[in-house]
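Engineer: return atomic coordinates for the entry below.
(2 chains)
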There are 2 protein chains.
Amino acid sequence: METYDVIVIGAGPAGLSAAIYTARAGLKTLILEREFPGGRLAKAPKIENYPGVMKTSGPELVATMKQQAERFGAEIRSGEDVVQLELAGDEKIVRTHSGNAFKALAVIVAIGTNKKKLVVPGEEKFLGSGVSYCAICDAPFYRDKVVVIVGNGQEAGEEAIILSEFAKEVIIIPNGELEMEHALLEDLKNKSNVSILEDTRVREIKGDSMVSSILVEDLNGDNGREIPVGGVFISLGGVPMSNVIKNAGINVDNGGCIIVDRNQRTNIEGVFAAGECTCGGMQAITSAGEGAMAGIKASSYVKKKKRGK
Amino acid sequence: METYDVIVIGAGPAGLSAAIYTARAGLKTLILEREFPGGRLAKAPKIENYPGVMKTSGPELVATMKQQAERFGAEIRSGEDVVQLELAGDEKIVRTHSGNAFKALAVIVAIGTNKKKLVVPGEEKFLGSGVSYCAICDAPFYRDKVVVIVGNGQEAGEEAIILSEFAKEVIIIPNGELEMEHALLEDLKNKSNVSILEDTRVREIKGDSMVSSILVEDLNGDNGREIPVGGVFISLGGVPMSNVIKNAGINVDNGGCIIVDRNQRTNIEGVFAAGECTCGGMQAITSAGEGAMAGIKASSYVKKKKRGK
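Structural biologist: Down below sits the predicted model:
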């Protein structure tokens, strides 16, 4: 079994930042990534609010972070989906679907979250090209456009308010029964550029290189019709945390978020978590900050463990 | 009294990142800075571990963050030292030493820390005459001299590197256990004019009109001895600047750090804190992450307040 000082699970901004810190601290660091480095960030076409970088793209930011982590000696293995964690002892064991197993003194979980999908044609194709799962991140890109937000909950309503300050027109499609607070609904009704389209379901997202329209279906039996839109925001909440985490005994809250303290420690000694899997903000910069903190704290932990030997 | 949506106190990486987020959310944002933008970061000569930026310097990183905040509409006022905060009501009032007062619905505290004193005879007497708390500011004055730098942390090591480019000889006295990163220690070992004097404490700083020597004590029991030096740099890290904060009713812990939850909220509604004043990591990236989170949460808070009116 290959042995490391630190294993980081997930190569998004949180995981890469954690590895920059552990590798630079001289610790033998492995990053396991089930797909390819970058996570959700790799899909962001344009970023203007990452403090310290005037203008960039997700892939560019990810490439720099990856280069930094590797420069300090971190090893990245893509296509390694973690299926089992044995965390009880001093030596943590991480097993992947390919049958590989790795050992380390500390584990940093940075696996992100999966936003709930709408599951319609075009959703995946136009991600980052008119389809977004985060209004606060992307609203400014939709200035003077017509946008749709799909979602029935409080968060969808709040995101609609944000969108209404940038977009020309905001159409809320609850895709189910409205579950927003009265005050929020009143606010939405008072916005001249916000409307709610009830009893309607999105069937398809259409366009060429960018989203240009959606096909909707009237639940009362009318035929489908096409609405021209420049953007589709999907706000259906998050998918519960992966079973691997729960099975390993890591505490999560009701929403499936990994519970951490301000030092990014979980309930298990030597196990840290950072980024979206802790529900600690959905921005590259908040994930990078948490990742760095997890890396710093994991480094001290490992160095103390080694001195104690 | 000038009215804003959000007032950010402090223009270091935490404050600037917070302002990038509040201003970009369309909120009227004021940053009050007692000195000049950048905080401690403005003094870092070389940065290679800020995730997403391959190689930069503190001043460069600060300049970019400042440009981003201003581009989204934030206003920065330098030379405004905050002396009083009235935070109880919905409208928070911030007063500065110049007699100015500003009003806002939310306040983000990002004031960083003050320099820690060594507390030995001669330290105060020779301040500016051989005693300094800022290597990057004063190193050029010590060309071809022997200097001591007192400190065990990362910052002390970085300052030693700066000093080694000017001084004839640099002696590091950790005054405690060394807590520098592996990569930095390697760099220091490669400098022919840098040495580290462990198990030693500074007892006194001596001289006439200028510093001429220090008295040190060997922790292993030897008698004190005198080392001729031309300068003493003190780099012991920060202590939170807590008087204004405490007087305003913001809860701090025993170390003087502002207590925040994972959403950067303090005990007072509408008051957030981020960066080194929360003792949430002493790195630009952790401060920026916390600042962004504070900015996101303050934006939602202010928008809710405005809707409630």
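Engineer: helix, strand or coil for the residue in chain A that chain B sits nearest to?
Structural biologist: Across chain A, no residue is closer to chain B than A:G289, which sits at 1.5 Å (Cβ to the nearest Cβ). (Glycine included, C-beta is placed from N, CA and C.) Recorded secondary structure, A:G289: helix (DSSP: H, G, I helix; E, B strand; the rest coil).
Engineer: what does the stretch 151-300 of chain A put close to chain B?
Structural biologist: Contact residues, the stretch 151-300 of chain A versus chain B (Cβ under 8 Å from any Cβ of the partner chain): A:158, A:161-162, A:165-166, A:183-184, A:187, A:260, A:262, A:278, A:280-281, A:283-293, A:296.
Engineer: could you flag which of those residues are buried?
Structural biologist: A:158, A:161-162, A:166, A:184, A:187, A:260, A:262, A:278, A:280-281, A:283-293, A:296 (16 or more other Cβ atoms under 10 Å in any protein chain shown).
Engineer: for stretch A:163-171, which outside residues touch it?
Structural biologist: Stretch A:163-171 is touched from outside by A:135, A:139-140, A:142-149, A:160, A:191, A:193-197, A:227, A:229-231, A:233, B:26, with contacts defined as Cβ atoms under 8 Å, 6 or more residues apart in numbering or on different chains.
Engineer: for it, buried residues please.
Structural biologist: For stretch A:163-171, a neighbour-count test (16+ other Cβ under 10 Å) marks A:163-164, A:166-167, A:169-171 as buried.
Engineer: for chain A, what helix or strand is lowest in average pLDDT?
Structural biologist: helix A:135-138 (a mean of 82; mean pLDDT, DSSP states H and E).
Engineer: after it, next one along is what?
Structural biologist: Sequence-wise, the next helix or strand downstream of helix A:135-138 (DSSP states H and E) is strand A:146-150.
Engineer: tell me if I'm right that A:A288 and A:G15 touch.
Structural biologist: No: contact criterion Cβ atoms under 8 Å: A:A288 and A:G15 do not qualify, at 10.0 Å.
Engineer: any idea how far A:A18 is from A:V107?
Structural biologist: 10 Å (Cβ to Cβ, to the nearest Å).
Engineer: do A:I9 as well
Structural biologist: A:I9 is 10 Å from A:A18, by Cβ to Cβ.
Engineer: now do the shared contacts for those two.
Structural biologist: In contact with both A:I9 and A:A18: A:108, A:110, using Cβ under 8 Å, 6+ apart.
Engineer: compare those two and say which is more crowded by neighbours.
Structural biologist: Neighbours per residue, other Cβ atoms under 10 Å in any protein chain shown: of A:I9 and A:A18, the larger number sits with A:A18, 41 against 26.
Engineer: read off the pLDDT value for the residue nearest to A:A135 when sequence neighbours are not counted.
Structural biologist: For A:A135, ignoring the flanking residues on the chain, the nearest one in space by Cβ to Cβ, 6 or more residues apart in numbering or on different chains is A:E159 at 3.5 Å. Listed pLDDT for A:E159 reads 89.
Engineer: and A:E159, that's in a helix?
Structural biologist: Yes: when three-state DSSP is applied, A:E159 is found to be in a helix.
Engineer: shaky segments in chain A?
Structural biologist: Low-confidence segments of chain A, defined by pLDDT under 70: A:43, A:45, A:221-222, A:238-241, A:307-309.
Engineer: could you check how far the spatially closest residue to A:S242 that is not a sequence neighbour is from B:E75?
Structural biologist: Nearest in space to A:S242, with sequence neighbours left out and distances taken as Cβ to Cβ, 6+ apart, is A:I111 at 6.8 Å. Distance check for A:I111 against B:E75: by Cβ to Cβ, it reads 40 Å.
Engineer: same question, A:N251
Structural biologist: For A:N251 relative to B:E75 (Cβ to Cβ), the value is 43 Å.
Engineer: and A:L30, by the same measure?
Structural biologist: 46 Å.
Engineer: quick one: which of the two has more around it?
Structural biologist: A:L30 (24 against 15).
Engineer: related to what we said a few turns ago, among the residues of the stretch 151-300 of chain A next to chain B, name the ones in strands.
Structural biologist: Among these, none falls in strands (DSSP state E).
Engineer: returning to that earlier point: show me the contacts for the residue nearest to A:S242.
Structural biologist: A:9-10, A:82, A:242, A:245, A:277.
Engineer: any chance of those residues in a markdown table, plus distance to A:L118?
Structural biologist: Putting the contacts of A:I111 into a markdown table (distance: Cβ to Cβ, whole Å) gives the following:
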| residue | distance to A:L118 |
| --- | --- |
| A:I9 | 27 |
| A:G10 | 24 |
| A:V82 | 27 |
| A:S242 | 21 |
| A:I245 | 25 |
| A:C277 | 22 |
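Engineer: which of those residues sits closest to A:A88?
Structural biologist: A:I245 (14.6 Å; Cβ to Cβ).
Engineer: does the closest one touch A:V252 like I think?
Structural biologist: Yes: A:I245 lies in contact with A:V252 (Cβ under 8 Å); the separation is 6.4 Å.
Engineer: common neighbours of those two, please.
Structural biologist: Contacts common to A:I245 and A:V252, judged by Cβ under 8 Å, 6+ apart, are A:I258.
Engineer: list of residues touching stretch A:173-185?
Structural biologist: Stretch A:173-185 is touched from outside by A:118, A:148-154, A:156-158, A:161, A:188, A:196-198, A:200-202, A:216, A:236, B:307-308, with contacts defined as Cβ under 8 Å, 6+ apart.
Engineer: which of those residues are buried?
Structural biologist: The neighbour-count test (16+ other Cβ under 10 Å) marks A:118, A:148-153, A:156-158, A:161, A:188, A:196-197, A:200-202, A:216, A:236 as buried among these.
Engineer: what segments of the stretch 201-309 of chain A are helices?
Structural biologist: Assigned by DSSP state H, counting those that start in this stretch, the stretch 201-309 of chain A shows helices spanning A:243-247, A:284-308.
Engineer: quick one: the strands in the stretch 1-150 of chain A?
Structural biologist: Assigned by DSSP state E, counting those that start in this stretch, the stretch 1-150 of chain A shows strands spanning A:2-9, A:29-33, A:75-78, A:82-86, A:92-96, A:101-109, A:131-132, A:146-150.
Engineer: winner for burial among those strands?
Structural biologist: Comparing the strands of the stretch 1-150 of chain A by mean neighbour count (mean count of other Cβ atoms under 10 Å in any protein chain shown), strand A:29-33 ranks first with a mean of 27.
Engineer: that one vs strand A:92-96, what angle?
Structural biologist: Strand A:29-33 runs at 30 degrees relative to strand A:92-96, counting by axes from the mean of the first three to the mean of the last three Cα atoms, to 10 degrees.
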